[in-house]
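Undergrad: Here is a sequence together with a model predicted from it:
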Amino acid sequence: MEALKIHIPDNEQYRELGAYIESVRNMPGPLINVLHRAQGIFGYLPMEVQTFISRELDIPLSTVYGVVTFYNFFSMTPRGKYVVNICMGTACYVKGASKIVDIFKDELGIGEGETTEDNLFTLTTARCFGACGLAPVLMVNEDVYGHVDRKKVVEIIKKYRTLG
Amino acid sequence: MSLITKYVLISIDEDTLIAGARKVESELNRILAEQGLSSEIMVVETGTMGIMGKGVVMLIQPDDVTYVNVTPEDVREIVSEHLLKGRPVKRLQFTGKVDQSVISFRETAQELKKQNRVVLANSGLIDPESIDEYIAVNGYEALGKALTAHKPEEIIDMVKTSGLRGRGGAGFPTGLKWSFTAPLKNTPKYIVCNADEGEPGTFKDRLIMEGDPHKLIEGMAIAAYAIGAEKGFIYIRGEYALSISRTQKAIEDARAYGLLGKNIFGTSFSFDLEIKKGAGAYVCGEETALINSLEGGRGNPRVKPPFPGVKGLWQQPTVVNNVETLSNIPSIILNGPEWFKSIGTEKSTGTKVYTILGHVNNPGLIEVEMGTTLRDIIYKYAGGVKGGKFKCALVGGAAGAFLNEEMLDVRMDYDHLGEYKAVLGSGAILVMNEESCIVDMLRNILFFFKHESCGKCSPCRIGTAQLYSLADKIYSGKGSDEDLEQMLTLSEAMSTTALCALGQSPYLVIHTAVRFFQDEIEEHIRRKVCMKDICRMNGAERR
């Protein structure tokens, strides 16, 4: 078990997570809340972080790993600064969402689930966002863009490149 | 005291926020202040008005004029022309038939009752972030009445008599569900609201929570009283940021008013609520999977029985109800079950909230009586089909059924749809025009099931993957008649063997696709052509 040998560094991020775990320790079923917070702090959930959570909450690492890999929201790989998430729900699909994915692939030169070399963009797809009135719709981090077409895609990429 | 002459209602929901509703609102307030009109004209934030994809939406009352696609630059014109001179700005006026469709925000509260709008009665009419406005439209009166004038059993009887059935998809009678849990002595008991609205094309629960969160809270408190629960959870999709923040504020306000917490209305009944955020898994809409997720684990469904009503959250008796179901409760208690029964059809009482999308002129949210035909919903309320002739509608989301032209006059309720082996499901209606390809749609839906299968039971884990690969073969021009045959038998086997509704559902969508569009599918198989030129018949890779 490689994980058992993992050494957890003592730094600001882990101290913040540790303090949060302390505050929810007595709450029933805190694991998902802890993972939400951990991803907020670290940006993703590498084995090291999962091992820390497993030790702190006294929950088997296999259980932690099982939960992390179960939910779409959690990621074990680092993500770009901007995560482009394209809705592939039926309403968006019927309005051409897969074409939007293709345009992003072309423009960014990456495939689904991949991150650009400059660590700026990660391209992902999702089930329905529940914003179907705006189909096709996508999110860049927390920002939602509706009625997306080729022109808008180019504008969106440009906007975030400029923001850097 | 100054006299308010006009009200400007601005719809604040996720659609309009993206379109810049806040900017329009602040510009409006700025110009009103500049012109010294702030004391005469009141700006009110409301929930959705049901008009989607038309930018910032505002309604001027009492003139009853709706503006769409309003930008900050338009505000000055609206103020000087309409608010000052009483001349509506024609170019911004919404010409769709709002009056028959969507939420009727134009009637008075008294007329609304006649209009049979139940769940969305206040949405778009009151400020969802103000508990006082909710109380002003008889809010929390039903809870007071329930706690002080009725025993829990009487509440359950009223809900049973009303005929209310679960609005999440399965349509199980709500009163009956409660009656299983109520007599159990095993405490604590829990009431859980399923707001993990994951069915593609469905967002009615989001708009109910954004438009009138207190109604849900009141409904949950009444349900808790009826079954003897003191604690409730609202499990909301993580993506629904505005629903989460509005519902959270509503809970805090209700607590501050003593409508949640200890000894509500001076009775011995205590109840409190907590929001839990989902982490993105379709299967968590299944009630036992949702319970596992609430406990902090993987959202795998449990084997039933025991049902959650007996052994649910932390092995305690738990009632799980959908947002729309719970939002019906206050009106039933306030107006009586007979009133509720007078709406809808004999066996499917009340109203149904639909989200109507895809190739229609006015996509959006509507609440209509149970039993309204699909034709009326599409042509009367959604403004008809856009970009070509009607081909079919996918009713009930991915777990729903395709309905073609000959099904347009079927009455939309549990029983009439049931006769055709279709379902009302979550209330999503996705309209497709002639330019859509059924094979392409089917493949997309089956990819979704494959992706969302939790993997716990083999019929679903293996079955959904197999169904997708068969559909993909047909889509790529490599399919055979046997492949189609196999899709039918496999999905049928899954419908009887899978652990939960996820694995049982592909059956319906596959069978209705074949039933109505067999020729089109066979064209892909035998002639290797997609007449709509959508499918990649050369076998090129595409998700």
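TA: Ah, there it is. Since this is a predicted model, take the numbers as computed values, not measurements. Residues are numbered from 1 along each chain as shown, chains lettered A, B, ... in the order given.

Undergrad: and the residue of the stretch 1-150 of chain B found nearest chain A, how many residues sit next to it?
TA: In the stretch 1-150 of chain B, the residue that lies nearest chain A is residue B:52 (2.7 Å; C-beta to the nearest C-beta). From N, CA and C alone the C-beta is placed, and that goes for glycine too. Neighbour count of residue B:52, defined by other C-beta atoms under 10 Å in any protein chain shown: 26.

Undergrad: Next up, the contacts around it.
TA: With contacts defined as C-beta atoms under 8 Å, 6 or more residues apart in numbering or on different chains, the neighbours of residue B:52 are A:132-134, B:15, B:362-365.

Undergrad: okay if I get the residues you listed as CSV plus pLDDT?
TA: Formatted as CSV, the contacts of residue B:52 follow (pLDDT from 0 to 100):
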residue, pLDDT
A:132, 79
A:133, 77
A:134, 80
B:15, 77
B:362, 83
B:363, 82
B:364, 81
B:365, 84
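
Undergrad: got a winner among the residues you listed for most neighbours?
TA: Highest neighbour count within the contacts of residue B:52: residue A:132, with 32 neighbours (other C-beta under 10 Å).

Undergrad: that older thread, quick check: closest non-adjacent residue to the residue of the stretch 1-150 of chain B closest to chain A.
TA: Leaving aside its sequence neighbours, residue B:52 sits nearest to residue A:133 (C-beta to C-beta, 6 or more residues apart in numbering or on different chains; 2.7 Å).

Undergrad: for residue B:69, same thing?
TA: The shortest distance from residue B:69 to any non-neighbouring residue, by C-beta to C-beta, 6+ apart, is to residue B:55 (3.8 Å).

Undergrad: The one you found: what's it in contact with?
TA: Residue B:55 makes contact with B:16, B:19-20, B:68-71, according to C-beta under 8 Å, 6+ apart.

Undergrad: With residue B:492 instead?
TA: Residue B:492 is in contact with B:507, B:511, counting by C-beta under 8 Å, 6+ apart.

Undergrad: From residue B:372, how far off is it?
TA: 31 Å (C-beta to C-beta, to the nearest Å).

Undergrad: can you list the residues of the stretch 1-150 of chain B near chain A?
TA: Counting by C-beta under 8 Å from any C-beta of the partner chain, the residues of the stretch 1-150 of chain B lying close to chain A are B:14-15, B:18, B:52-53.

Undergrad: what sits against residue B:214?
TA: Counted by C-beta under 8 Å, 6+ apart, residue B:214 has contacts B:128, B:131, B:134, B:139-140, B:250, B:253-254.

Undergrad: tell me the mean pLDDT for whichever strand or helix holds it?
TA: Following DSSP states H and E, the helix or strand that holds residue B:214 is helix B:213-227. Helix B:213-227 comes out with an average pLDDT of 98.

Undergrad: One more: stretch A:49-59?
TA: Taken as a whole, stretch A:49-59 has a mean pLDDT of 95.

Undergrad: What's the nearest residue in chain A when you look at chain B?
TA: Closest point on chain A to chain B, by C-beta to the nearest C-beta, is residue A:133, at 2.7 Å.

Undergrad: Tell me the helix or strand right after the helix or strand bottoming out on mean pLDDT in chain B.
TA: Lowest by mean pLDDT, DSSP states H and E among the helices and strands of chain B is helix B:109-114, with a mean of 36. The element immediately downstream of helix B:109-114 (helix or strand, assigned by DSSP H and E) is helix B:131-136.

Undergrad: Can you tell me the element residue 159 falls in?
TA: Answering for chain A, as no chain was given. helix A:150-163.

Undergrad: Wait, chain B was what I had in mind.
TA: Counting by DSSP H and E, residue B:159 is part of helix B:152-162.

Undergrad: What of residue B:487?
TA: helix B:481-497.

Undergrad: for that helix, which positions count as buried?
TA: B:483-484, B:487, B:490-491, B:494-495 (16 or more other C-beta atoms under 10 Å in any protein chain shown).

Undergrad: how big is the angle separating the helix holding residue B:214 from helix B:152-162?
TA: If you take axes from the mean of the first three to the mean of the last three C-alpha atoms, to 10 degrees, helix B:213-227 sits at 120 degrees to helix B:152-162.

Undergrad: so where do the strands sit in chain B?
TA: Here chain B has its strands, by DSSP state E, at B:6-11, B:41-46, B:58-61, B:65-67, B:190-195, B:231-236, B:272-277, B:318-322, B:351-358, B:364-369, B:390-395, B:401-404, B:428-433.

Undergrad: Residues in contact with the fifth one: which ones?
TA: In other words, strand B:190-195. With C-beta under 8 Å, 6+ apart as the contact definition, strand B:190-195 has outside contacts at B:168, B:205, B:209, B:216, B:220, B:223-224, B:227, B:229, B:231-237, B:240, B:243, B:285, B:287, B:290-291, B:294, B:312-313, B:316-323, B:326.

Undergrad: coming back round to it: which among the contacts of residue B:55 count as buried?
TA: Buried, going by 16+ other C-beta under 10 Å: B:16, B:19, B:68, B:70, out of those.

Undergrad: Compute the number of surrounding residues for residue 17.
TA: Picking chain A for this. 20.

Undergrad: meant chain B actually
TA: Neighbourhood size, residue B:17 [other C-beta under 10 Å]: 15.

Undergrad: That one contacts residue B:242, correct?
TA: Yes. Contact status for residue B:17 versus residue B:242: in contact at 7.3 Å, counting by C-beta atoms under 8 Å.

Undergrad: Show me the chain divided up by domain.
TA: Assuming you mean chain A. Domain assignment for chain A, taken from automatic domain parsing, gives A:2-70, A:82-163.

Undergrad: looking at chain B here, not the other one
TA: Residue ranges for the domains of chain B, per automatic domain parsing: B:6-95, B:131-341, B:351-433, B:438-527.

Undergrad: roughly how far out does the helix holding residue B:214 sit from the chain middle?
TA: 18 Å (C-alpha atoms, centre = their mean, to the nearest Å).

Undergrad: Stretch A:111-120 now?
TA: The answer for stretch A:111-120 is 13 Å, by C-alpha atoms, centre = their mean.
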